[in-house]
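Participant: coordinates for the following, if possible.
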Amino acid sequence: MTLADMVPNSQCRITDAADGHLDLQSRLYALGLYPGVLVSVLRSAPFGDPLQIKVGGTLLSIRRQEAVFVRVESA
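Facilitator: Sure thing, here's the model as predicted:
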């Protein structure tokens with residue numbers, strides 16, 4: 001399952017972040033999205049893009065085209 005598959009008001013744990021896409025992986029890691037991190041999916045914009053997520057105490061918006069590269073498991 002990917003971060004893009006998660007529904008609003010759910011939590012998940014990252015298992016892999018953009019493996020093989022070094023530029024994207026670097027950006028995601030800088031935002032705090034790396035394996036083992038617990039993420040809360042808060043909401044999505046009216047047409048589904050972007051997603052608003054919470055990582056620790058930080059609120060982030062991430063595009064679905066990037067969220068499909070973040071593998072997660074339900075928490």
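Participant: what's the helix or strand for Glu66?
Facilitator: Assigned by DSSP states H and E, Glu66 falls within helix 64-67.
Participant: next structured bit after that helix?
Facilitator: Defined by DSSP H and E, the subsequent element after helix 64-67 is strand 70-74.
Participant: in that following strand, what counts as buried?
Facilitator: 70-72 (16 or more other C-beta atoms under 10 Å). In this view, the C-beta of every residue, glycine as well, is placed from N, C-alpha and C.
Participant: off-centre distance for it?
Facilitator: Relative to its parent chain, strand 70-74 has a centroid offset of 8 Å by C-alpha atoms, centre = their mean, to the nearest Å.
Participant: tell me the helices and strands packed up against it.
Facilitator: Judged by 3 or more C-beta pairs under 8 Å, 6 or more residues apart in numbering; DSSP states H and E, strand 70-74 is in contact with strand 10-17.
Participant: buried ones in the strand it packs on?
Facilitator: So, applying 16+ other C-beta under 10 Å, buried residues of strand 10-17: 12, 14, 17.
Participant: now do the contacts for the last one.
Facilitator: When you say that, I think you mean Ala17. Ala17 is in contact with 25, 28-29, 33-35, 69-71, counting by C-beta atoms under 8 Å, 6 or more residues apart in numbering.
Participant: what's the most distant pair in those residues?
Facilitator: Across these, no pair lies farther apart than Tyr29 and Arg71, at 14.2 Å, counting by C-beta to C-beta.
Participant: give the rounded mean pLDDT of stretch 18-37.
Facilitator: Averaging pLDDT along stretch 18-37 gives 90.
Participant: what does that stretch rub up against?
Facilitator: With contact meaning C-beta under 8 Å, 6+ apart, stretch 18-37 is reached by 13-17, 39, 55-56, 58, 60, 62, 66, 69-71.
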